[in-house]
Structures are given as C-alpha cells and as structure tokens.
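> My questions concern the predicted model and sequence given below.
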Amino acid sequence: MKTKELLKISLRQNAIFIPNELIANDSKVLSAPTAVLLANVSKLGFTFSETLLHALNNVNPGYKIEVLETLKTVLGIDKNWTPLVKEWNVPTGESAFDHIVTMIANVFKTDKGTTLQCGHSIPKNTFPLERYNGCPFCGTPFEFGTIENFGQGSKLKVLELWTEKQLNDYFNSLLQSKTALDATQVESLKVLLHYLPLPKVEIGIKETLVLVIDTLIEEDKEEKAVQYFKSPTDILRYLWFKKTGLLQIIEPKTIIKRVEENGKHIFIPADNSAQSKLIAKKDLKLKYSRKECLMVANWLNNLDMDVQAMCETMHPKRGMWIRFIRALRLAEYAKRKGFGKLSELLDVFYNQAYDVWQADVNRYRLKMDVEKTFALLKQRPGLFARSLFSNMLWFGSDETIVHFTEIIDKIPARLLFTLNMYAQNYFDKNIQRSVKPLGGTNKRIGANILLGLYDEKQLEAMKSQIEDLCILAMKKRFAAVANDNKTMYIDPQLFNIPVSIGDRSDTVQDLPVALMGTRYPVKGNEVRLFMQWGKDLPAQHLDMDLSCHIAYENKLDMCSFSRLNTIGCKHSGDIRSIPNKIGTAEYININIDELKKARAKFVTFTCNAYSNGNITPNLVVGWMNSKYPMKISERTGVAYDPSCVDHQVRVTQNVAKGLVFGVLDVAKKEIIWLEMTFGGQIVQGLDYKGVQALLSKLSSKLNIGSLLQLKAEAQGLEIIESLNADEVYDAQWAINAAAVTQLLID
C-alpha cells in the first residue's frame, strides 16, 4: 500500500518512484519482464527515460507489476467507459417529440412498443433501440463494454526516475511552499506525512501547518504539535479543518448557503434545498469530548501572545469563536486553577474591551487623515499591500507609493508579484475582473467606481508606478542573494507556464500536473471530452452532465443533453443513472475544422450536477487529443483511449454544482487548462463573460520564464541555450509548483 501511494505521487510529477533497497543489481541487458512492461506502458501513452528504464530493469517483477497497476488505476482502465449510444458520432435522429410520445405511452400504459429492463415502454417509430446501450428515455445503461483501442496517441509521455532523494526533496518543497497548496498537493502531502518522518524545515504557510499539526495529533504527538500554534487563528483553523476538511476558515453561513443552492432543482417537485439547508446546519453543529475540550483550553492558555492581541485576532471571526467557546466548555475550564490567562481572555473577549486595528484604519481613512492611516497600515505590511490599489485611488498615487516604498522590503514576494500582475486589470475602467470569494464560486465584479475620477493617462501612470516599484524590489532581493554561477538555461516551455500565485484548485490531477493557464496545442483536427463517474457506488439515479459552450462573434451555442448535435460538436447521449460499482461515461467530440468554418471563437468545457446536490466526488473529466484520428468502438461506442489523454482532473471537493475545466481557442488550436466553479445545474447557467474575465486574469499572470529572466538579470547570469549551463530550469523542474515558489524570495 505504501509504495502504491508513493507511486501515485511520483506519477503526478511525471516520474516513477523506486526505493533504493528494491534495486537489486546493475544489469545492462534488458530482461523479458522489463520489455513486456515497456510494451504495456506504451499502450497507455507512456514511456521511460533511459535512467528509469535501467532502474526498472533491476527491480523484481513484483514491483514492475505494481508500476503497471498504478498506471492502470490512475487512467481508469478498470472503469466502465461505455456511453449510452453505439457509434454516437453518427446522430440517432432522436428528438424532443420522441421523448414526449414515449412519456405519454408510459403514463397511459399502452402495450404497443418494446418494454426495457428499466420498465419503460418505447413505442415503435421513436428511438432506434438497436443504437442504444440502455434506455433512451430515462438514461439507464444496460450493456457494458471494455476499452478496445489503445496506443492511438501520437506522442508518448516520458516518465523520469524518482529515488528516495527526489521524493524527500518534493516532501520538503511542499512543506516550504510559499503559496497555498492546491488539492493535488494537499492530497500528496497528507500521504507523505503519513508515510515519511517529518523533516526539520520551516513550514511556509499556515494552511500547510494545519496538515502537519493534524498528523502529529493523530499520531499522539500533541506535545510536538503545540509548538506550531502561534495565535488563536491557528487553533481555529485546525478546529475548523477537523470539522469540515477545509483549510480556509469559511464561515458556516457561506457553507450552508452553498449547500442550499446545490439542493435547488429546475423541476420544482424535485427541489430539496430546504432539506439540504437543515442537514448542513446539523452537520456543522459542534460537539467535543472532555479530552478535546481540555486540550484546546491548554492551547489557548499557553499561547505567548498578549491577551489584547489575541482578542483582536479573534474579532474578525467573533461569531465562530463564540460557538467554539461554548462547544469546548472554555468558560468552565477558565475557572480552574492554572487557567488564569484563559479566564482573562474570555473576560476581555466577551466584554469587547479591546481595540480593533481595522476599525481604526477605516475611521482615519473616512476622515481623510493620511498620516494616521498610513502609520497604521505600515504596522501590517501585508494588509497594506492588499489595499494598495484602493488607497492609491482614495488618497492619490504619489503619496500612497511614497509610504508603501518605506515598507516594501517587508512584503512577501508572492504579494509583490500579485500586485504587479493584477495592476493592468485593476486600473482599467472597462474591464470586469474575475474573483472567487472565500467559499464561493467564481464571479465577475465591475471596475472600482473611483477610477472614474481619473483620466486614462493618470491610470496608465499608476500601472507603471506599480510595475516599476515591484520589479525594482524583486531585483534588489535577487541581487542580495550570493550566486557564484555564470550561466542559466531556461526551457522555452516555461514562458507558457504561469507562476502558481493565488490559484486554489479544488480538483486533483492524478496524471502529470499542470498549472492553471497552461496551454495544450491540439495536434489533429479533433478534441474529445470525456467524463466518468459512479465508480464504486451502488446502482442509483445520479445524473451528471458533460457539456460544452460555443462562443461566436455575435451568438452562443451549446452541446449538451438537450442538444446532442450542433455545428462542430457531437454528444454521446445523456446517462442519468449509474450501474452498480463500475460507473458510466459521456463524451463530446469537437471538430475544429467545422468550428473554424462556422467562425467559432472559443469552446468552453463544462460538467454539471443535474441531480440534487453537488458534483459527485471522484468524478473524472478531461480531454483527449491526437494527431491521428481517434476511433470509436462500433460495437459499444467506447471512445476512451488512455494514450490520447492530454489532461484529466478528479473532483474531490463537495461544494461545486458546475465546473469549467478547459477552454479551446479555435483559431489558435490550443486548449487552456483552467478551473472555474459556477452555480449552474445546466450549461446555460454558465456566465461566459465570467470565463473571459478569468482568462484575462490568467493571461496577466507572470510566467516562470519571465521570473527566471528577472533573476538572471539581477544576479548577472548569462542566459544560454545549452543544458550545460550552471543553472538548468527545464519543464520537469517546473512541474513541482511548490519548488518553483522558492524563487519568491522574502
């Protein structure tokens, strides 16, 4: 189990992990089991580097089998990939009229027709039943096939060798990451914390710290965990993570509202939003044992912070703290001997006998008291940075920049780059920005109304001020780091990969990972979307929908369960019930030439939960792409070939109703990987302007290549086109986003 989990982690980094003790000899001759493994892996779209092949050749056959089985598991070879329609690339001719006639026939129980396993009677001259693997009326599948076509992919993905050193380096990079970990990294870190000893490194951010604390407490190492609690917020974050599984402190009302929204249904009698709301409230009720209450009471009582500072820290989440204080019986423990600080804390907190820094800032800001406002902001550089743009508009750019320059050296690098990236969009009067509120879905917001006070020339000057200031500050930081190297190599691909700042992906990438904004060229004329769900679940009604949204110059089009065929797109049929344990699948074929002739601009890939509730966990979506035509089984309609998979993600969070997982730029023939949640039960609920706003945000992000150029310029390194450079930055290095964040020097 341990090696299989570690293999999955290495595969996400485009590698295969082999423990040192498993390499038994140093044979140069390729063995028969190794040759068979290589052949089987190539059918799945992968191959091995020379170093990895040599290492695999010298491990026992049992580990070779484990490598192959891990690849098969990740690629879903054991899942059911059979769609509703056989040869679905040829339209069945079904229409809304067929559904109406069938509904009437079943309501009035007419005997004319064919009765299927699900109990529905299909009248003659409606659906061509010989074309279906299940019931065309209710979307229940009856027939299942296996994957027939392997190895159609036009390019094999090369896997590298991971030794214990690379595994430990990756573990360290996750712990030291200076930006929030995405869902893939979080899942990997949980596994590594479980199987590997905790290294002595400085943990980068609070969210990562929670995972470390949780592991230590689960292993009964509370005395080691206590050292990581520096403020009440750290304790609250841990308690909320244990309750909800969320690393961010999202208000209960936000979670309840999302669950309620997901429970709504277009068909009013099927709406269960009220019941969902009650269940969510019940699930969020707090209940703790005496042991847990005493543990938290000790944590708060032993914090090094001043009581006034602790109360101010607790104030933004006052409502949540009151709930936790009651549930943890802290008032009772505060009366015990030795809990004097806890007693004082509760007294000051309940009586609100403390000052709130943000209230003072807001008061002086409204009074236009420049000196006092900036004096307070300088006390907290991070919050100054986050409010920099609005303060430039409020007080004037020149004065704000003068004050900001005084504390810029205390600003985390990730914030500096964020300011530099988003200034272009923020100071544009005509652009709508994409934001994702804490615990919410992506939304569009209009430009700051204060922009109307300034003309275009003044706004351009503000953009330039931000850019010049941030770049100068980062150059100073890079220049301050001693570097004896003379040359640097930057892989050209790195100029297309954005730096991971501000992205919190909620989906897990089990295949080699990519950062949001990464672009995939389409090699042939077709892109095939796929969605698989229901694996390991009992047979039931569970309706997930795969759709795409086609944007033209002056109109929009859809391809979904309600419109199976449209210009350039063909859908494999709407499945609404899953079979027992094996899951089911839907596809959409996208023909780029047809879309070009029709002058389509973009195609947005989406999946939705039509059933009540959210997208089902472990649902997998992605797309396939090959230079050569991809076959569809004539017998079953299975159209999945793992060797053609470009990218796939697995849904793990339970709060999304709709998900955008990619956008095809028709003219450029490239797919942009992005993740955007939205609240739609159907694709028509997608706000395409929101997608455009997110694309604009991603295009403004700093790419890794440009960051390295900045480093080279500041440290006097010559950029050369040879891998013999002193510093080599290739695509394999960039896969580990956590390691890339080490370039963000604080």
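Perfect, I can see it now.
> When you work out contacts or count neighbours from here on, use the C-alpha atoms and nothing else.
Will do.
> didn't Tyr610 look like it was pressed against Met544?
Yes. Using CA atoms under 8 Å, Tyr610 makes contact with Met544 at a distance of 5.6 Å.
> more crowded one of these two?
Using other CA atoms under 10 Å, the more surrounded residue of Tyr610 and Met544 is Met544, with 30 against 23.
> what about stretch 198-215, how long is it end to end?
Distance across stretch 198-215, first residue to last, is 10 Å (CA to CA, to the nearest Å).
> Same question for stretch 495-514.
As for stretch 495-514, its first-to-last residue distance stands at 14 Å under the measure CA to CA.
> what's the host helix or strand of Met488 in contact with?
Secondary structure from DSSP states H and E places Met488 in strand 487-490. Contact with strand 487-490 is made by 705, 708, 712, 717-730, as judged by CA atoms under 8 Å, 6 or more residues apart in numbering.
> repeat for stretch 250-263
For stretch 250-263, contacts defined as CA under 8 Å, 6+ apart pick out 271-274, 276-277, 280-281, 284, 320, 438-440, 612-614, 655-657, 679.
> swap the cut-off to 6 Å and go again
272-273, 276-277, 280, 439, 612-614, 657 (CA atoms under 6 Å, 6 or more residues apart in numbering).
> quick one: buried residues of it?
Residues of stretch 250-263 classed as buried: 250, 252, 255-263 (neighbour count, 16 or more other CA atoms under 10 Å).
> Which members of the residues you listed occur in helices, if any?
If you go by DSSP state H, these have 252, 255-262 in helices.
> what's the closest of those to Leu328?
Pro252 (17.3 Å; CA to CA).
> Quick check: the closest one vs Trp321, distance?
Relative to Trp321, and taking CA to CA, Pro252 is found at 12 Å.
> Tell me which strands whichever helix or strand comes after the strand holding Met488 pairs with, and in which orientation.
Counting by DSSP H and E, the next helix or strand C-terminal to strand 487-490 is strand 507-508. The strands beside strand 507-508 in its sheet (DSSP bridges) come out as strand 645-651 (antiparallel).
> now the strand it pairs with: mean pLDDT?
Computed over strand 645-651, the mean pLDDT rounds to 92.
> Would you point out the helix or strand in the protein whose mean pLDDT is lowest?
Ranked by mean pLDDT, DSSP states H and E, the weakest helix or strand in the chain is helix 688-699, scoring a mean of 71.
> Tell me the helix or strand right after it.
Downstream of helix 688-699, the next assigned helix or strand under DSSP H and E is helix 704-715.
> buried ones in that following helix?
Using 16+ other CA under 10 Å as the test for burial, helix 704-715 gives 704-712, 714-715.
> now do stretch 128-146
Buried positions in stretch 128-146, judged by neighbour count with 16+ other CA under 10 Å: 129, 131-142, 144, 146.
> so which two of the residues you listed are the farthest from each other?
Using CA to CA, the pair of the buried residues of stretch 128-146 lying farthest apart is Phe137 and Thr146, separated by 24.0 Å.
> which residues does Tyr587 bridge with?
With DSSP bridges as the criterion, Tyr587 is bridged to Phe530.
> So Thr208 belongs to a helix, correct?
Yes. Secondary structure of Thr208 (DSSP: H, G, I helix; E, B strand; the rest coil): part of a helix.
> Doesn't Lys64 lie inside a helix?
Yes. Lys64: assigned to a helix according to three-state DSSP.
> How much space separates it from Glu460?
In this view, Lys64 and Glu460 are 59 Å apart by CA to CA.
> now swap in Val660 and tell me
Val660 is 33 Å from Glu460, where distance means CA to CA.
> So which of those two has more stuff around it?
Using other CA under 10 Å as the criterion, Val660 and Glu460 rank with Val660 on top: 22 against 14.
> Would you mind writing the CA trace of the helix or strand containing that one as CSV?
Element membership for Val660, per DSSP H and E: strand 658-665. Provided in CSV are the C-alpha atoms of strand 658-665 (Å, rounded to 0.1, in the frame of the first residue of the first chain):
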residue,chain,number,x,y,z
GLY,A,658,-20.9,23.3,-12.1
LEU,A,659,-17.2,23.2,-13.2
VAL,A,660,-15.4,24.7,-16.2
PHE,A,661,-12.3,22.6,-16.9
GLY,A,662,-10.9,24.0,-20.1
VAL,A,663,-11.3,26.4,-23.0
LEU,A,664,-10.5,25.7,-26.6
ASP,A,665,-9.2,28.7,-28.6
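> Quick check: which helices or strands does it pack against?
Counting contacts by 3 or more CA pairs under 6 Å, 6 or more residues apart in numbering; DSSP states H and E, strand 658-665 packs against strand 600-609, strand 670-672, strand 676-678.
> Nearest to Ile408, out of those?
Per CA to CA, nearest to Ile408 of the helices and strands packed on strand 658-665: strand 676-678, 32.2 Å.
> per-residue confidence at the residue lying closest to Pro437 once chain neighbours are set aside?
Spatially, and ignoring its direct neighbours in sequence, Pro437 is nearest to Lys443 (7.9 Å; CA to CA, 6 or more residues apart in numbering). We have a pLDDT of 74 for Lys443.
> So for the protein, the centremost residue is which one?
Residue closest to the average C-alpha location in the chain (CA atoms, centre = their mean): Ser505, at 1.7 Å.
> For stretch 28-40, list every residue counted as buried.
For stretch 28-40, burial by neighbour count (16+ other CA under 10 Å) applies to 33-34, 37-38, 40.
> Could you point out which of those is nearest to Val296?
If you rank the buried residues of stretch 28-40 by distance to Val296 using CA to CA, Leu37 comes first, at 52.2 Å.
> Who's the closest spatial neighbour of Thr184, skipping the chain neighbours?
Leaving out its chain neighbours, the residue that sits closest to Thr184 by CA to CA, 6+ apart is Val508, at 4.4 Å.
> got the buried residues of stretch 28-40 as CSV, with secondary structure columns?
CSV is the format used below for the buried residues of stretch 28-40 (three-state DSSP):
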residue, secondary structure
Pro33, helix
Thr34, helix
Leu37, helix
Leu38, helix
Asn40, helix
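> Can you tell me which of those lies closest to Ala473?
Nearest to Ala473 among the buried residues of stretch 28-40, with distances taken as CA to CA, is Leu38, at 49.6 Å.
> beta partners for the nearest residue to the closest one once chain neighbours are set aside?
Excluding the flanking residues, the one nearest Leu38 by CA to CA, 6+ apart is Thr47, at 6.7 Å. Here Thr47 sits in beta bridges with Val158, as judged by DSSP bridges.
> so Thr47 sits right up against Val158, yeah?
Yes. Counting by CA atoms under 6 Å, Thr47 does reach Val158; the two are 5.0 Å apart.
> the more surrounded of these two?
Under the criterion of other CA under 10 Å, the comparison of Thr47 against Val158 puts Thr47 first, with 21 against 15.
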